[in-house]
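>>> Let me see the structure of the following:
(2 chains)
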Amino acid sequence: MRGMRGGLALALALGVVTTAHAQPTDPPAGDPAPAPSNAPGTAPPSDPDNLPGSDDTATADEMRDVLSESHPRAVSDSNEEPATGIVRAGAYHDSDQTTVLRTIGVLGKTYGQWVLGGSFTVDAVTSASVDVRSSPGLSTVDTVTSASGRSSTSGGQMTDTRYQLTGSGGWKDSAGHSVTLSTAAATETDYSSISVGVNGSYDILDRTTTLLGGISATDNWVSSVLDLALHRKMAAGAWSAGVARVLTRDDAVRVRYDGKLSSGDLASPYRNVRFGNWTAVLGMQQITFSNTIGSADGLPERVPERRVSHAAVVEWVHSLALGVGLHTEVRAAHDSWAINSLTSSVELRLARPSWRLLAGYRFYMQSRASFFSDKYTMDPSTYTYYTSDKELGSENGHLVRVDLSKVVIDAESSSDTKMLLDLEVDAVHYNYPGFVLLPSRDSVFVMAGIRWEL
Amino acid sequence: MLQVHELPMTAHDDFGEGNSAELPLTIDPLRNPSKSLHMPTFRAVIVVALVGWLSGGCTHVRAAQRERLASPAMQFEMDPIADSQRDSVLEITEGGTFPSAGPGTAGAGCGCN
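This is a model prediction of the structure:
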């Protein structure tokens, strides 16, 4: 549902599983080829005499990690790796009255140098967010009954289901060269999308450095449950280039540039803008505006049909001890709508033979778009663009994250199944200074699931 | 000789509140001639350092010395699925965050924008 801007979780599916396709499991311990997203050439040492840190308290066995096949199964004659399956279910809820239930399934299989993967995601969304209740259409018509052709007198709430299917195929060799082609399709009541992308990596300098690159394209079809005649298009292209490098025995860094071009209908067909020094009464079903210039319903938002975004990302991982890592990241972005943003995060990671733990904090802040205003106090004809999208205004956020993985069934032989439990908890607080209808929002996202190798 | 060009860099300083305004990231030599040489020099130093670093200007770490780096705790994406799920949330709740076309891409769009 395109109108549920406040219902952020609908897009939880975006790209969720495709990352896993490229890397359904961590690199096998015996495979010297690093995954594209990983530090270059970080295969475990093959020469025990050259093992660094002989004073480490951890033993070589402790270094191994069953989660990344470091508790290797009995070596088979073939190069085939086990098939990997992942099933996770989760729930998102926020203080803007939006709830999303998600289920995802992922399958991956490696055949020699070829890697195949696929996934399926279902999101069930229910929202009575500020965006829904302030929409002239959504606040008076229940969107589910509207979509099914029935009338409703309730309104102020929307429900929808989004489905996404992805597939990927990749090739990698033992010298640190890889390429992955991936595609995805998603559909919901009033929005459909298809994507295709290709990315690759290339190790150089004795595999201490990895060059990274990728491009992707997305085509989107936009419609409306309130206006069956509405059909709009939006296309996007993205590109990325970067380099990862081993600095020391304990440090690796990755520097990346990301770009994106969006073109077409970038506005929501449900979101309206009120003009004048208006006041609002926030009801449970509808937000009522008064003292507006013109209709209290306002006008559909208007934004530029083209947006170009750039971002620079620097990541650094530092080993505090064997199996203990510190990951830090700084990202700066700028786009043609004049939004500047800065992100910084830090994560403490522990990896042990039978479990992993990650705890992190992330801070985000952004400036407003050039055409965003808390209130458009003059006549609509004086503005070229106007929006009521709070994500285009000033914003800052804090995120706390905890991930835990635990092996519940270990594989003793090549015929055994290895199984793990995964738990992920994210809590986020956002401030929207200047956005009258929603000064802040708190949300929590919890997912749990199992991973297995057959 | 390394040539470093003056780029027309501008930025807005209204993180969090207020109106946007351009930061004086470009130095006007007419107004501040003493600084006109400093900015290119500074950039040249950065570029040289970056090129030197990327071309192996730091300690060469052999494969056999990467024991610690091989740990899952040291991967840039420790749990790619959890990372991508979190990122997909952030991409629609933050105006300046968008998906990368880098490793593991091509998720389909959604109607939440």
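
>>> just checking, residue A:134 touches residue A:272?
Yes: Residue A:134 lies in contact with residue A:272 (C-beta atoms under 8 Å); the separation is 7.2 Å. Where C-beta positions appear, they are placed from N, C-alpha and C, glycine not excepted.

>>> Of these two, give the one with the bigger neighbour count.
A count of neighbours by other C-beta atoms under 10 Å in any protein chain shown puts residue A:134 above the other of residue A:134 and residue A:272, at 28 against 21.

>>> Who are the contact partners of the more buried one?
A:271-272, A:280, A:287, A:289, A:388, A:437 (C-beta atoms under 8 Å, 6 or more residues apart in numbering or on different chains).

>>> can we see that at 6 Å?
residue A:287 (C-beta atoms under 6 Å, 6 or more residues apart in numbering or on different chains).

>>> can you tell me how far it sits from residue A:90?
Separation of residue A:134 from residue A:90 (C-beta to C-beta, to the nearest Å) stands at 28 Å.

>>> got it, and residue B:77?
19 Å.

>>> in chain B, which helix or strand is least confident?
Across the helices and strands of chain B, mean confidence by mean pLDDT, DSSP states H and E is lowest for helix B:38-54: a mean of 61.

>>> Tell me if I'm right that residue A:395 and residue A:366 touch.
Yes: between residue A:395 and residue A:366 a contact is recorded at 5.0 Å, counting by C-beta atoms under 6 Å.

>>> Pull the number of nearby residues for residue A:294.
12.

>>> Stretch A:106-124: which residues count as buried?
The neighbour-count check on stretch A:106-124 (16 or more other C-beta atoms under 10 Å in any protein chain shown) flags A:106-110, A:115-119, A:121, A:123-124 as buried.

>>> An error on my part: the question was meant for stretch A:378-387.
A:380, A:385-387.

>>> Excluding its own residues, what touches that stretch? List them.
Contacts for stretch A:378-387 (C-beta under 6 Å, 6+ apart): A:273, A:275, A:299, A:301-303, A:371, A:376.

>>> for the stretch 51-200 of chain A, what are the low-confidence residue spans?
Within the stretch 51-200 of chain A, the ranges that satisfy pLDDT under 70 run A:51-80, A:140-155.

>>> residue contacts, residue 97?
Going with chain A. By C-beta under 6 Å, 6+ apart, the contact set of residue A:97 is A:128-129.

>>> actually it's chain B I care about, not the one you picked
B:90-91.

>>> and it, which of the three is it?
When classified by DSSP: H, G, I helix; E, B strand; the rest coil, residue B:97 comes out as coil.

>>> And for residue A:296?
coil.

>>> can you check residue A:214 too?
strand.

>>> Could you list everything the residue nearest to it when sequence neighbours are not counted pairs with in the sheet?
If the residues on either side of it in the chain are set aside, residue A:214 comes closest to residue A:199, at 2.9 Å by C-beta to C-beta, 6 or more residues apart in numbering or on different chains. Per DSSP bridges, the residues bridged to residue A:199 are residue A:180, residue A:214.

>>> next one: residue A:344
Beta-bridge pairing of residue A:344 under DSSP bridges involves residue A:330, residue A:363.

>>> doesn't residue A:361 make contact with it?
No: Residue A:344 lies out of contact with residue A:361 (C-beta under 6 Å); the separation is 9.1 Å.

>>> Name whatever forms a beta bridge with residue A:116.
Counting by DSSP bridges, residue A:116 forms beta bridges with residue A:109, residue A:169.

>>> Isn't it up against residue A:109?
Yes: using C-beta under 6 Å, residue A:116 is in contact with residue A:109, at 5.3 Å.

>>> Could you name the helices and strands sitting against the longest strand along chain A?
Taking DSSP state E as the assignment, the strand of chain A that covers the most residues is strand A:231-248. When contacts are defined as 3 or more C-beta pairs under 6 Å, 6 or more residues apart in numbering or on different chains; DSSP states H and E, strand A:231-248 sits against strand A:209-223, strand A:251-264.

>>> As CSV, those with mean neighbour count would be great.
Shown next, in CSV, are the helices and strands packed on strand A:231-248 (neighbours: other C-beta atoms under 10 Å in any protein chain shown):
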stretch, mean neighbour count
strand A:209-223, 22
strand A:251-264, 20
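
>>> is it possible to export the ones you listed to TSV including distance to residue A:431 and mean pLDDT?
Listed next are those as TSV, based on distance: least, C-beta to C-beta, whole Å; pLDDT from 0 to 100:
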stretch	distance to residue A:431	mean pLDDT
strand A:209-223	30	94
strand A:251-264	25	96
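
>>> Can you add secondary structure and distance to residue A:204 and give the contacts of stretch A:378-387 back as JSON lines?
Converted to JSON lines, these look like this (DSSP: H, G, I helix; E, B strand; the rest coil; distance: C-beta to C-beta, whole Å):
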{"residue": "A:273", "secondary structure": "strand", "distance to residue A:204": "52"}
{"residue": "A:275", "secondary structure": "strand", "distance to residue A:204": "57"}
{"residue": "A:299", "secondary structure": "strand", "distance to residue A:204": "55"}
{"residue": "A:301", "secondary structure": "coil", "distance to residue A:204": "48"}
{"residue": "A:302", "secondary structure": "strand", "distance to residue A:204": "48"}
{"residue": "A:303", "secondary structure": "coil", "distance to residue A:204": "42"}
{"residue": "A:371", "secondary structure": "coil", "distance to residue A:204": "44"}
{"residue": "A:376", "secondary structure": "strand", "distance to residue A:204": "53"}
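
>>> And those residues, which two are furthest apart?
A:275 and A:303 (15.9 Å; C-beta to C-beta).

>>> and residue B:78, that one's in a helix?
No: read with three-state DSSP, residue B:78 is coil and lies in no helix.

>>> And it, how far from residue B:60?
Using C-beta to C-beta, we find residue B:78 at a distance of 26 Å from residue B:60.

>>> again, but for residue A:453
Separation of residue A:453 from residue B:60 (C-beta to C-beta): 35 Å.

>>> for residue A:110, same thing?
31 Å.

>>> what bridges to residue A:273?
Beta-bridge pairing of residue A:273 under DSSP bridges involves residue A:299.

>>> An error on my part: the question was meant for residue A:422.
Beta-bridge partners recorded for residue A:422 (DSSP bridges): residue A:405, residue A:449.

>>> so it touches residue A:449, yeah?
Yes: taking C-beta under 6 Å as the definition, residue A:422 is a contact partner of residue A:449 at 5.1 Å.

>>> okay, now the residue nearest to residue A:214: neighbour count?
By other C-beta under 10 Å, 27 other residues sit near residue A:199.

>>> Now do it against residue B:101, distance only.
7 Å.

>>> same deal with residue A:103?
27 Å.

>>> With neighbour numbers in mind, choose between those two.
Taking neighbours as other C-beta under 10 Å, residue A:103 and residue B:101 compare with residue B:101 leading, 23 against 15.

>>> what's near enough to touch the more buried one?
Counting by C-beta under 6 Å, 6+ apart, residue B:101 makes contact with A:214-216, A:238-240.

>>> try 10 Å
Applying C-beta atoms under 10 Å, 6 or more residues apart in numbering or on different chains, we find residue B:101 in contact with A:197-199, A:213-217, A:237-241, A:258-260.

>>> related to what we said a few turns ago, and the helices and strands packed on strand A:231-248: which comes nearest residue A:410?
strand A:251-264 (28.6 Å).

>>> which secondary structure elements does the closest one contact?
Other elements packing on strand A:251-264 under the criterion 3 or more C-beta pairs under 10 Å, 6 or more residues apart in numbering or on different chains; DSSP states H and E are strand A:209-223, strand A:231-248, strand A:306-321, strand A:324-335, helix B:38-54.

>>> most packed of the ones you listed?
Among those, strand A:209-223 has the highest mean neighbour count (mean count of other C-beta atoms under 10 Å in any protein chain shown), at a mean of 22.

>>> closest to residue A:84 among the contacts of stretch A:378-387?
Residue A:84 has its nearest neighbour among these in residue A:303, at 41.4 Å by C-beta to C-beta.
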